[in-house]
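Show me the folded form of this:
(chains A and B)
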Amino acid sequence: MATASKKNPFDLIFSSITAISSFSVILIVIGIIYVLVSESSLAIGKFGVIKFLTSIDWDPVKESFGALTNIYGTVITTFLSLIMAIPVAIGIAIFVTEISPNFLKGPIGAAIELLAAVPSIIYGMWGLFTLSPIMSNYIEPALKKITASIPLVEILFRGTPMGIDILTASVILSIMIIPFTASISRDSFNLTPAVVKESAYALGATKWEVVKNVVIPYSKLGVFGGIVLSLGRALGETMAVAFVLGNNHRITTSLLDAAATITVTLANEFTEADKDIYLSSLFYLALVLFVMSFIILAAAKFFLLKAERKYSR
Amino acid sequence: MTCEQRRKIEGRIALTLSTLAALLGLFWLVFILGDVLVHGIKALNPSLFLNDPTPPGVEGGGLRNAFIGQLIITLCATLIGVPVGVLGGTFLAEYARGKKIARIISILSDIMVSVPSIVIGTFIYAILVKPVGHFNGWAGAVALAIIMIPVVLRTTEDMLSLVPWTLREAAFALGAPYYKVIVQVVYRGAATGILTGILLSIARVAGETAPLLFTSFNNSFFTLDMKQPMSSLTVTIFQYAMGPYDNWHAQAWAAAFVITMFILILTIVGRLIIKWRYR
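As a prediction, the model looks like this:
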């Protein structure tokens, strides 16, 4: 590589500027961790780590804070949205790569990616004004009726259908993450060598059997990486859920109850925090969210890199 | 039923289901965009762009402050984020090409692209709002710039890597120092790609709300002063949509329409350029 030319003073200056610019990314990550830890030190000192993570208290008046209700809300909405999004996303990927006629592949792929470009606040607003009335008037009463006689499942749908609840938030979240999962799955499916697929067809396999037994096993690492990536995204989504989740710091068993995620709590309460310990606890929540999503995103990157290495061989 | 028939039926069911999945995806897109279109166009009128908000109940208010605020914040974020991103990407693709540090920064940027934007809002609140004592426009711009940097950096790195190494060697052979090779040869070769990356990153941050909630906050008055709290379209949409007044809701839809169109057009233009240039 052209290291000899570094003797030129301008080159030294230019290379230093570029180096500083790229190191800014490392600086930002370290800065975020440092600032969040130091801002939340008051809350860390008062509530500790284990107690904060396992306490269901969230009481600004008594100045007692715990993260469990928020973590519960985050985990349950993310989990539900993934369950709803993954089958659809993989279906879309199968359609675009294997079934669709060639002239439709581009437009449908582009349309799904446009869904990813729509800002999350639009999803949230649409959820509040359009989806939430539909859910409370039609879908949730229907779900209640269907599940009323099934023991255990019925617990999930207790209470009045208001439309501002975990179920509505999860539906919106699932619409938001479909495009991420679908486009990564599609890219992974596309990497399956044609020769392998043709061999399966030559053995008399049907199209579905080729997808099921050749394409999916071959690209499962990439698809899995895509799913973990969407998980990381769903975890940190704020505006799409802030409109329709309410802000309810309780652990509820019914999907028709309001709840609070870490992001929703931050969005609603950050500017209202009047006491130091309150603000510090909110920073602590942000730190928990940052650590959670950083680990999950790093895992996703690990799987995607591993998949990439496997395919390039 | 024979085994063959069963396999055929199973296949047909599975393929029908995935076609339905694709239709469902398109359905959501049409549903959401259609809704924004219908409600947005209804509420669109000139006073929306020309007037500042009026007190609730008084007719004829607009969102001029939010439009201008959004423009200024996004512009400043671009002015901070793009140079840092492009230069950083240059380092990874040129000076540190193949080195371990380039790999680490590249992976870290990929993670930062998806990190919850609200966390970046709290970070900026702690370093730029708390010390100053009040919300300000600069904090919003810096928060958006931080979201922008990893996006621009990664696209630049990828685009520069696509420029063939022999092109650089040809320039070296003429005696050009490396910085001249980068600025005059490599950047020119990758210009379209980098520009597209910048367009897409602007589209990305223009719709961000969460990082602005506690940085630039909101302001019901028109201001050009970045040291003051500054209104943005997205935060205004959040406030107006959650508010109790019908004309607030109508204005929120109109604002949503404008911002969605802006972002979709940017995204489509960006993708068309990529398609046309890197077929």
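
Please state the offset of the one helix or strand residue A:167 maps to from the chain centre?
Assessed by DSSP states H and E, residue A:167 sits inside helix A:166-190. From the chain centre to the centre of helix A:166-190 is a distance of 9 Å (C-alpha atoms, centre = their mean, to the nearest Å).

moving C-terminal of the longest helix seen in chain B, what's the next helix or strand?
When secondary structure is assigned using DSSP state H, the longest helix within chain B turns out to be helix B:3-43. Next helix or strand after helix B:3-43 toward the C-terminus (DSSP H and E): helix B:46-50.

And that following helix, what does it pack against?
Applying 3 or more C-beta pairs under 8 Å, 6 or more residues apart in numbering or on different chains; DSSP states H and E, we find helix B:46-50 packed against helix B:64-90, helix B:246-277. Any C-beta I mention is one placed from the backbone N, CA and C, and that applies to glycine too.

contacting residues around the helix or strand of chain B with the lowest mean pLDDT?
Between all helices and strands in chain B, the lowest mean by mean pLDDT, DSSP states H and E belongs to helix B:46-50, at a mean of 85. For helix B:46-50, contacts defined as C-beta atoms under 8 Å, 6 or more residues apart in numbering or on different chains pick out B:60, B:61, B:62, B:63, B:64, B:67, B:251, B:254, B:255.

What residue in the stretch 151-279 of chain B comes nearest to chain A?
residue B:207 (2.5 Å; C-beta to the nearest C-beta).

what residues are up against that residue?
Counted by C-beta under 8 Å, 6+ apart, residue B:207 has contacts A:118, A:119, A:120, A:121, A:122, B:234, B:259, B:263.

which SSE is residue B:222 in?
Taking DSSP H and E as the definition, one finds residue B:222 inside no helix or strand.

Now do it: how many residues are near it, please.
Neighbourhood size, residue B:222 [other C-beta atoms under 10 Å in any protein chain shown]: 14.

Which elements pack onto the helix or strand containing residue A:235?
In this structure, residue A:235 is located in helix A:216-236 according to DSSP H and E. The helices and strands touching helix A:216-236, judged by 3+ C-beta pairs under 8 Å, 6+ apart, are helix A:68-94, helix A:166-190, helix A:276-312, helix B:100-114, helix B:117-124.

pLDDT weak spots in the chain?
Chain wasn't specified; assuming chain A. Chain A contains residues with pLDDT under 70 at A:1-7, A:313.

Switch to chain B, please.
B:279.

Just give me the residue closest to the centre of it.
Central residue of chain B (C-alpha atoms, centre = their mean): residue B:204, 1.2 Å from the mean position.

so what's that residue closest to, chain neighbours aside?
Once flanking residues are discounted, residue B:204 sits nearest to residue B:151: 6.1 Å by C-beta to C-beta, 6 or more residues apart in numbering or on different chains.

Residue numbers of the stretch 51-200 of chain A in contact with chain B?
Where the stretch 51-200 of chain A comes near chain B, counting by C-beta under 8 Å from any C-beta of the partner chain, the residues are A:87-92, A:94-96, A:99-100, A:108, A:110-115, A:117-126, A:128-130, A:175, A:178-179, A:182.

The same query, at a cut-off of 6 Å, please.
Applying C-beta under 6 Å from any C-beta of the partner chain, we find that the stretch 51-200 of chain A lies next to chain B at A:88, A:91-92, A:94-95, A:99, A:111-112, A:115, A:117, A:119, A:121-122, A:125-126, A:130, A:175, A:178.
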